[in-house]
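>>> Give the three-dimensional model of this entry:
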Amino acid sequence: MSAVCILEPLVIATWPAFRAAVTAAAHSLGYQLAFQASKSHRASAKQATGVTLEIPNCEVVTGQVSRDQRIVVTREEVSVTFSRDARGQASLCVTGDGEDEERLRAQGEELSRAVVQQYVYQKLMDEMRARGFVVVEEETSENHAIRLKVRHWEG
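Presented below is the predicted three-dimensional model:
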């Protein structure tokens, strides 16, 4: 018997789980972690072009972490800051010297999709392991879609 499951992710996470997804996704796209801090700890303020995006299908909720936390990742001259707003919504601000807004928006959207995918992938793998499923095959297509083949043996 086989089944096809297409997931429409809604990410509800604690900040540590979200931070882990950001770090893994950023690393896979060649970004380096710059720092993690509260908004009161600001990096030097250079004049740079920037865009702010909300992460699609993402709702970060936690009572144990204040809403002023952020993670900054960098690649070449581009910095991406992940943060939480007053509603708990995750957003990102992409800045870069000499970069146009269209390019910054594209980089931000690429990274936000990778973060959501990484989070959902990790949660799915944890749940499958907890229920006794074993991954038999895993493929990633050119468009970054992940195909998993799993088995579950009844004992």
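
>>> All the strands of the chain, in order from the start?
Along the chain, the stretches classed as strands by DSSP state E are 11-13, 32-38, 49-54, 58-60, 69-75, 78-84, 90-96, 134-140, 146-151.

>>> Let me know which of these is the nearest to Glu109.
Nearest of these to Glu109, taken as C-beta to C-beta: strand 49-54 at 6.6 Å. Heads up, the C-betas are built off the backbone N, CA and C, glycines and all.

>>> What pairs with the closest one, parallel or antiparallel?
If you go by DSSP bridges, strand 49-54 pairs up with strand 90-96 (antiparallel).

>>> any idea how far the closest residue to Val72 other than its chain neighbours is from Lys123?
Among residues not flanking Val72 along the chain, Ala34 sits closest, at 4.1 Å (C-beta to C-beta, 6 or more residues apart in numbering). Distance, Ala34 to Lys123, using C-beta to C-beta, to the nearest Å: 26 Å.

>>> Arg87 too?
The value you get for Arg87 to Lys123, if C-beta to C-beta is used, is 22 Å.

>>> neighbour-wise, which of those two wins?
A count of neighbours by other C-beta atoms under 10 Å puts Lys123 above the other of Arg87 and Lys123, at 17 against 10.

>>> on that earlier part again, redo the strands of the chain as CSV? Include mean pLDDT and distance to Arg19.
Listed next are the strands of the chain as CSV, based on pLDDT from 0 to 100; distance: least, C-beta to C-beta, whole Å:
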stretch, mean pLDDT, distance to Arg19
strand 11-13, 57, 9
strand 32-38, 70, 7
strand 49-54, 82, 18
strand 58-60, 55, 10
strand 69-75, 86, 6
strand 78-84, 86, 8
strand 90-96, 84, 10
strand 134-140, 92, 23
strand 146-151, 90, 21
